[in-house]
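In: dropping a prediction and its sequence here:
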Amino acid sequence: MTTESIKWFWYASPQTFFPFAGKLARVCAVLAVVFAIAGLYTGLFVAPTDAQQGEVYRIIFIHVPAAWMSMFIYGVMAFWAALGLALNTRLSFMMTRALAPTGALFTFIALWTGALWGRPTWGTYWVWGDTRLMTELILLFLYFGVMALQAAIDERRRADRAGAVLAIVGVVNIPIIYYSVQWWNTLHQGASVSFTRAPSMAATMFTGMILMALAFWMYSIAVALVRVRCQIAEMSSENQGQTTFSPAIQ
């Protein structure tokens, strides 16, 4: 076993992960602010006006990265849930709990900004028959379901396992969201960014979206790590009557 693998296992302990999470959270928070400022400036002031949609298209610099993060966070959450069920690691379940609220937030932002974009573009805020919209709404309900299960069961380990099972089952919705515009005739436009072809937009537009995606990514990591630290401190307080990590909580 190499030194690196031993170090990773060492960080798998909540006690040793606590100070590391604090340092990493601060770095990610700073990066989130930097990327957000750069992304908003690029999207609002540098990117050109769209020839068809005019200025209203600029909502994509919030909408598209939020939609990306809503799916990405769910996949990461399900990964930690599966790891927790397979290895029975407490830190994995903590990560699942920490990621769910942020994933729900980005899913709501994606739906809300999509509705604001849809009114001037499609002539309506919402279309119930649109597969992309409905599957994204289902994703929001899945996040709520995971959080509700975790909160409804008093025994912590049973609550974590129940939430983890639902998170894993809900993964099937992610590819449906992504490929819905290809599998069905929907009102929602196709993907502007793909892994198999060049972006169908100006370079500055693409840059602005990537910068905002990085900002949302860094924000998600920072907030999740702060929540994990809170869970570790709470667990320590419950087990010993007072937290053993108080010097690191700053």
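Out: Arrived safely. Residues are numbered from 1 along each chain as shown.
In: what's the average pLDDT for the longest helix along the chain?
Out: The longest helix of the chain (DSSP state H) is helix 203-240. In this model, helix 203-240 has a mean pLDDT of 90.
In: from the chain's centre, how far out does that helix sit?
Out: Remark: helix 203-240 is offset 9 Å from the chain centroid, using Cα atoms, centre = their mean, to the nearest Å.
In: can you name every helix or strand that it contacts?
Out: helix 14-41, helix 60-87, helix 90-122 (3 or more Cβ pairs under 8 Å, 6 or more residues apart in numbering; DSSP states H and E). (C-beta placed from N, C-alpha, C; glycine too.)
In: ok, the residue positioned nearest the centre of the chain to Gly54 distance?
Out: Among the residues of the chain, the one closest to the centroid is Ile73, at 3.3 Å (Cα atoms, centre = their mean). Here the criterion is Cβ to Cβ, to the nearest Å. By it, Ile73 lies 31 Å from Gly54.
In: before we move on, what about Arg119?
Out: Distance of Arg119 to Gly54, computed by Cβ to Cβ: 14 Å.
In: just the pLDDT for the residue nearest to the centre of the chain.
Out: So Ile73 comes in at 97 (pLDDT).
In: tell me who's in contact with it.
Out: Ile73 makes contact with Leu99, Thr102, Gly103, Phe106, Ser220 under the criterion Cβ atoms under 8 Å, 6 or more residues apart in numbering.
In: and these, which two are the farthest apart?
Out: The largest separation in those, counting by Cβ to Cβ, is between Leu99 and Phe106 at 10.5 Å.
In: common neighbours of the two, please.
Out: In contact with both Leu99 and Phe106: Ile73, Ser220, using Cβ under 8 Å, 6+ apart.
In: related to what we said a few turns ago, looking at the helices and strands packed on helix 203-240, which is nearest to Ser236?
Out: Smallest distance to Ser236 across those (Cβ to Cβ): 8.1 Å, for helix 14-41.
In: now the closest one: mean pLDDT?
Out: The pLDDT scores in helix 14-41 average 93.
In: with stretch 149-160 instead?
Out: 92.
In: buried residues in that stretch, which are they?
Out: Using 16 or more other Cβ atoms under 10 Å as the test for burial, stretch 149-160 gives Leu149, Gln150, Ala159, Asp160.
In: how long is that stretch from one end to the other?
Out: 8 Å (Cα to Cα, to the nearest Å).
In: and that stretch, how far from the chain's centre?
Out: Worked out by Cα atoms, centre = their mean, stretch 149-160 lies 22 Å from the chain centre.
In: can you list contacts of it?
Out: By Cβ under 8 Å, 6+ apart, the residues outside stretch 149-160 that reach it are Gly84, Phe93, Thr96, Arg97, Ala100, Ala162, Gly163, Leu166.
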